[in-house]
Every structure is written in structure tokens, then in C-alpha cells.
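>>> please work out how this folds:
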Amino acid sequence: MSTVGTATERGDLAEQRVTPLELFFDLVFVFALTQVTAFLADHLTWTGMLQGAALLVVLWWAWGGYSWLTNAVPAEEVIPARLVILTAMAAMLVASLAVPDAFGEYGVLFGLAYFVVRLLHVVLFVFATGNTPETHQAILRLTPGFLIAPVLLVVAGFLDGFAQGALWAMAITIDLGVSLVRGVSGFRVHAEHFVERYGLIVIIALGESIVAIGVGASGEAIGAGVAVAAVLGIALAAGMWWAYFDLVMLVAGRRISTTKGEERARLARDAYSYLHLPMVAGIVLVALGIKTTLAHVEDPLGTIPAVALCGGVALYLLGHNAFRLRDVGSVSVPRLVVTLLCCALIPLAMSVPSLITLAILAVLVCTLAAFETVRSREFRRELRAG
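Now for the predicted structure:
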């Protein structure tokens with residue numbers, strides 16, 4: 001499915017599409033997200049939330065690294081490269097299996113599996129870009145940081161308490177900081193492929209909120225409350241999907257396509273690798289909140305589930321505004337208003353039935369989607385036509 005085209009009028013190669021191999025690789029990330037949500041559900045403490053956030057960040061960064069790799073390397077077309085990707089999938093699966101006790105018994109296993117995922121990424125990137133000197137030098141420039149971080153997680157697996165947390169914090173700082181400090185000059189980004197790949201991962205993350213509905217309802221009697229909550233959960237997920245794909249993805253796609261060279265690489269790094277993370281984190285938190293709601297539709301949410309459900313929607317929309325600010329230099333006032341309303345809803349969520357909280361959130365997000373759709377109808381036509 002990957003296409004290598006002829007030169008366009010601008011002198012660029014025709015854009016490639018996301019390949020079946022990339023979609024297959026993403027299936028492991030689906031399981032990883034499910035494991036993180038389950039981890040959060042089993043650790044409903046502030047420490048557990050921080051640990052869950054740390055797990056999400058490192059798993060996201062590993063996936064993000066492979067999105068850059070397959071954007072630059074036609075891995076599906078080269079058998080050895082294809083085998084490396086499949087081996088990395090196996091290592092990612094092992095790391096995901098270790099997530100439930102990544103800060104305890106399975107800490108070393110998680111660290112080692114994660115190291116293999118990152119090592120294979122670097123090795124394939126280095127060897128596959130040997131005949132493109134700029135990209136080759138770019139990945140070599142970032143390699144020390146890419147490998148030091150997972151090594152620290154292996155060491156952290158042997159420790160506990162503050163020492164373990166400090167090493168995790170150090171590893172995440174190095175992982176997230178290396179491309180900011182060392183830069184991304186030399187990387188060539190296929191814009192349409194990048195936009196499509198990250199759009200698909202948002203769909204995958206939203207799928208986790210759908211899974212949370214099923215998991216939350218499992219073992220419960222399917223009464224009117226549970227059925228209504230399930231419908232509201234779908235409505236909330238649909239509103240979040242609409243908010244991203246109806247306008248944001250179109251604007252972002254046009255913006256990155258108009259840039260070139262290092263400017264495009266920096267935009268891809270900032271708007272996609274970094275600023276899609278709060279969106280995905282928000283979706284994971286919403287999934288946790290929906291899962292809790294389905295299990296106790298008549299009861300108020302506890303403090304952490306309330307923060308997860310309401311704050312998750314707020315974080316998702318805040319990520320949208322940060323994405324827009326980096327892309328076009330402005331923010332959406334309606335989205336900012338709904339973000340603030342979601343935050344203000346947290347105290348109410350702890351005193352009214354969770355079903356009511358879910359209903360309010362679904363109405364807020366769906367109303368936002370409807371308002372923006374009506375308001376931007378002509379603009380969207382122009383974007384699609386262009």
C-alpha cells in the first residue's frame with residue numbers, strides 16, 4: 001500500500017500512505033493503552049496516577065519513534081526491515097504484559113523489553129538511512145539519548161520507592177528532551193503520511209474508551225442506568241472524535257503540507273510527537289472515568305475518577321488548543337470555554353450520580369462539535385476543496 005511516486009511540481013516525492021505493517025504494529029499499542037487504563041483502575045491513588053502517566057509517556061514515545069521510522073523507511077517493502085518491526089512488536093507486547101506491575105515485580109522485565117523496542121528502532125533507522133546522509137546523521141545525533149533512557153528504566157526495575165521514581169523521571173526527561181536539545185534537522189517528513197498515522201492513533205485511543213464501556217458493564221446487570229450510561233459514553237466518544245476529525249485534522253494537514261525541510265520536521269515533532277500526547281492521555285483518563293461510571297451509575301464519582309473523567313475531557317481539548325496554537329498561532333475560544341466548564345464540573349461530579357456527570361460531559365462535547373460544525377461549514381468546504 002505504500003506508494004513511491006514521481007516528482008510533483010514542487011519537486012517533492014508523492015506522499016506515501018500508512019501501510020498494513022504499520023497498522024499491524026499499532027495493534028500492540030492498542031493493548032498497551034488497555035493495560036495502562038487497567039493499571040490506573042487498579043491504582044486509584046495520586047501515586048498510581050503519576051505511575052500510570054509515566055507508563056503512558058514511555059509507551060507513547062516508543063510508538064512515536066516508530067512513526068518517524070516508518071515515515072522515513074519503507075519497512076514493509078524490505079524483508080529484513082519488516083522482520084525487525086515484527087520483532088519490535090513482540091518486545092512491545094512483552095513490555096505491555098509487564099505494565100500491571102511495572103513498578104514492582106515486573107520492573108526489570110518491563111525495562112528490558114522496552115530497551116529492546118528502542119534498540120531495534122535505532123538500529124533499523126541507522127542502517128536503513130545509510131544512503132541518505134542527512135537523515136543518517138540526524139538519527140545518530142539522537143541515538144545516545146534514545147538508548148540512555150531505556151537503560152535507566154532497566155536499572156529502575158531493580159529499585160523501589162524514591163530512587164525508582166527518580167530514575168523514571170530522569171529517563172522521561174532525557175527521552176522527551178533529546179530531540180528538543182539536539183534538534184530534528186535532517187529528518188524528512190512525508191506530511192500526508194504523518195497526518196494519517198497520527199489520526200489513526202487517535203482513533204485507536206478513542207477505541208479504548210469504547211472498550212472501557214464494555215469492560216465497565218461486564219458483570220453488571222444491564223438495567224436502564226447501565227444502558228443509558230453506555231449510550232452516553234458512545235456519545236462522548238463520538239463528540240471527541242468529531243472534534244478532532246471534522247476540522248483539526250484538516251487544518252493541521254494543510255499547515256504541515258505547506259512547510260518544508262527542517263521547519264516541517266520541527267512542526268511534526270512539536271504538533272504530533274509532543275502535543276498529541278495530552279490528547280491521548282485525556283482519552284485514556286476518559287476511558288478510566290467511563291469504566292468507573294458503568295460500574296456505579298447511581299453513585300457519585302470518587303475524587304480521582306471525577307478528575308479522570310472531567311479532567312480527561314479537559315486535557316483532550318487543551319491538547320487540541322495547544323496543537324492549534326503551535327500550528328496556526330491561535331486558540332479556539334469555544335474549546336477553551338468547554339475546557340474550563342469540564343474542570344468546574346469536577347466538584348459536582350463528586351456529589352451527584354456519575355450518570356449525570358457523564359450526561360453533562362456528553363452534552364458539552366456534542367454541543368461544541370455541533371456549534372463548530374455549523375460555524376465553520378464554509379471553511380471546511382474550502383479546506384477539502386484545497
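
>>> could you find the closest non-adjacent residue to T37?
By the measure of Cβ to Cβ, 6 or more residues apart in numbering, the closest residue to T37 outside its immediate chain neighbours is A287, 5.0 Å from it. (Each C-beta comes from the backbone N, C-alpha and C, glycine too.)

>>> also Q164?
Nearest-residue entry for Q164: A156, 4.9 Å, with adjacent residues in sequence omitted and distances by Cβ to Cβ, 6+ apart.

>>> so who does the one you found touch?
Contact criterion Cβ atoms under 8 Å, 6 or more residues apart in numbering gives G107, G111, A163, Q164, L167, W168, A171 as the residues in contact with A156.

>>> what pLDDT does it get?
At A156 the predicted local confidence, pLDDT, stands at 98.

>>> repeat that for the one 4 residues further on.
If you check D160, the pLDDT there is 94.

>>> next one: it from F103, what distance?
In this structure, D160 and F103 are separated by 8 Å, where distance is defined by Cβ to Cβ, to the nearest Å.

>>> these two: which has the busier surroundings?
Relative neighbour count places F103 above the other of D160 and F103, with 25 against 12, counting by other Cβ atoms under 10 Å.

>>> looks to me like that one is in a helix.
No - under DSSP: H, G, I helix; E, B strand; the rest coil, F103 falls outside any helix and is assigned coil.

>>> what about the closest residue to it other than its chain neighbours, how many residues nearby?
On the basis of Cβ to Cβ, 6+ apart, the spatially nearest residue to F103 that is not a chain neighbour turns out to be Q51, at 5.4 Å. The local packing of Q51 (other Cβ under 10 Å) involves 21 other residues.

>>> what helix or strand does Q51 sit in?
In this structure, Q51 sits in helix 46-72 according to DSSP states H and E.

>>> what's next to the next helix or strand after that helix, contact-wise?
Taking DSSP H and E as the definition, the helix or strand that follows helix 46-72 towards the C-terminus is helix 79-97. Contact with helix 79-97 is made by 21, 24-25, 28-29, 31-32, 35, 59, 62, 66, 70, 73-76, 106, 109-110, 113-114, 116-117, 120-121, 123-124, 128, as judged by Cβ under 8 Å, 6+ apart.

>>> list only buried entries from those residues.
For the contacts of helix 79-97, a neighbour count by 16 or more other Cβ atoms under 10 Å gives the buried set as 21, 25, 28-29, 32, 35, 59, 62, 66, 70, 73-76, 106, 109-110, 113-114, 116-117, 120-121, 124, 128.

>>> is there a neighbour count for V331? I'd like the number.
If we define neighbours as other Cβ under 10 Å, then V331 has 15 of them.

>>> show me the contacts for it.
If a contact means Cβ under 8 Å, 6+ apart, then V331 has N321, R324, L325 as its contacts.

>>> helix or strand for the residue nearest to T37, which one?
Secondary-structure assignment from DSSP H and E places A287 in helix 276-295.

>>> what comes up buried for that helix?
Residues of helix 276-295 classed as buried: 276-295 (neighbour count, 16+ other Cβ under 10 Å).

>>> just checking, A308 touches T293?
No - with the criterion set as Cβ atoms under 8 Å, A308 and T293 do not qualify as a contacting pair; they are 10.1 Å apart.

>>> got any residues that touch both of those two?
Where contact means Cβ under 8 Å, 6+ apart, no residue is in contact with each of A308 and T293.

>>> for A138, give me the pLDDT.
For A138, the model assigns a pLDDT of 92.

>>> now R384
Predicted confidence (pLDDT) for R384: 60.

>>> next one: R381
On the pLDDT scale, R381 is placed at 66.
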